[in-house]
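K.L.:
structure, please.
(chains A and B)
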Amino acid sequence: EPEVTQTPSHQVTQMGQEVILRCVPISNHLYFYWYRQILGQKVEFLVSFYNNEISEKSEIFDDQFSVERPDGSNFTLKIRSTKLEDSAMYFCASSLWVNQPQHFGDGTRLSIL
Amino acid sequence: AQRVTQPEKLLSVFKGAPVELKCNYSYSGSPELFWYVQYSRQRLQLLLRHISRESIKGFTADLNKGETSFHLKKPFAQEEDSAMYYCALSGGAGNMLTFGGGTRLMVKP
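P.N.:
Below is the predicted model of the structure:
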């Protein structure tokens, strides 16, 4: 069964550095998403992406965040200048179409020192 | 604003006992609701969605619009049901999911 894959599984970065989290959505899916989960808290929506554009973003997704689909397979989340509070598990998801179930990757644990 | 509440962080039952994981939501439109499960060290997986009205692994969930609830039920819990369960609501133009805080289900032998 096809899966969403995320790399790396764990990323450790110094505060203030840029980090790029990578995702390969399921190949025929058209909608892509990023969520994050701070330890002990809820899974929170960050952004959804369709047709090379952001379709919706949350208040968390401020100017330090950006997303990109640089080629036909990857979907990336960039955090420009990381802060301690960016430490979290970041999940990528994809769905075939809007209102179709979202399939999640294993997540990337981001630790900011 | 949309919100999902799972009032129990932990639910512990014995094998063979009935299980009910509670989920309440707040949403001004017509909601689409899901249950996701996360087994130990595995990814979030879709368990079921209200629109399909099916039973997966013996679990069912009925959308009650009057009580704004979508509780997950299973008549006889199994040890392999032990996992983290998340209720989620889909809404908005970008199909964002709003998650509840999750309930950890522990099924004891």
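K.L.:
residues near the residue in chain B positioned nearest to chain A, how many?
P.N.:
In chain B, the residue that lies nearest chain A is B:Gly94 (2.4 Å; CB to the nearest CB). Where you see a C-beta, it was placed from the backbone N, CA and C, and this is true even at glycine. If you count neighbours by other CB atoms under 10 Å in any protein chain shown, B:Gly94 ends up with 18.
K.L.:
show me the contacts for it.
P.N.:
Neighbour list for B:Gly94: A:Val47, A:Ser48, A:Tyr50, A:Ile54, A:Ser55, A:Glu56, A:Lys57 [criterion: CB atoms under 8 Å, 6 or more residues apart in numbering or on different chains].
K.L.:
gap between the closest residue to it other than its chain neighbours and A:Val98?
P.N.:
Spatial nearest neighbour of B:Gly94, excluding adjacent residues (CB to CB, 6 or more residues apart in numbering or on different chains): A:Glu56 at 2.4 Å. Separation of A:Glu56 from A:Val98 (CB to CB, to the nearest Å): 10 Å.
K.L.:
list residues touching both of those two?
P.N.:
B:Asn95.
K.L.:
show me where chain A has strands.
P.N.:
Listed in chain order, the strands of chain A (DSSP state E) span A:5-7, A:10-13, A:19-24, A:31-37, A:43-50, A:53-57, A:65-68, A:75-79, A:88-95, A:103-104, A:108-112.
K.L.:
how about the residue nearest to A:Asn51 when sequence neighbours are not counted, phi and psi?
P.N.:
Spatial nearest neighbour of A:Asn51, chain neighbours left out: A:Leu30 (7.6 Å); criterion: CB to CB, 6+ apart. For A:Leu30, the backbone dihedrals (degrees, to the nearest 10) come out as phi -110, psi -20.
K.L.:
many thanks, I have nothing further to ask.
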